[in-house]
Structure formats: structure tokens, C-alpha cells
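Colleague: Give me a model of this one.
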Amino acid sequence: MKIIGPDDARRLLRLLELPDDDRYALIFRLFKDEDGTALAEVLADVEEDLTGRTRARLIDGLRAVLVERA
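Modeller: Alright, predicted model coming up:
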């Protein structure tokens, strides 16, 4: 498992907190960009959980990490 720094954690948190339509559009754009494919695949997996629990857990985890490092 790769550990991400606080800057990347903030970026990912902002992305996960986007409204649905904006988040889906970003994922689509990432799939089109060769450098963004890996991130797009992870985000698409998160979106497959229609309950939203996976996304919520990621958001909670990222917030906790950022609070610990503050």
C-alpha cells in the first residue's frame, strides 16, 4: 500500500467531495488522459459501490490523516 502525503490527500479529498456530475466528468477525463488512467480506475471502483460507503470511508480516512498531520 502506498502512503500519500498531505498535499495528495487534500487533492484526493477535494475530488471525492465533488458533486456527482462533476466527479463523473473528471473520472471520464482522467480515463482519456494516459497519466490519469490509474487514478481513474481506482475512482471508478469507488463509484461502483452504489451505497456510497466506500467513498464516505475514504473521505473520513483522508480527513483523519489530515487532522493528525495538522
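
Colleague: tell me the mean pLDDT for the lengthiest helix in the chain?
Modeller: In the chain, assigned by DSSP state H, the helix with the most residues is helix 53-69. The average pLDDT for helix 53-69 rounds to 88.

Colleague: Distance from the chain centre to stretch 33-47, please.
Modeller: Centroid separation for stretch 33-47 versus its chain: 9 Å, with CA atoms, centre = their mean, to the nearest Å.

Colleague: What mean pLDDT does that stretch get?
Modeller: Here the average pLDDT along stretch 33-47 is 87.

Colleague: tell me which residues in it are buried?
Modeller: Leu39, Ala40, Leu43, Val46 (16 or more other CB atoms under 10 Å). (C-beta placed from N, C-alpha, C; glycine too.)

Colleague: which other helices and strands contact the longest helix of the chain?
Modeller: helix 6-16, helix 37-48 (3 or more CB pairs under 8 Å, 6 or more residues apart in numbering; DSSP states H and E).
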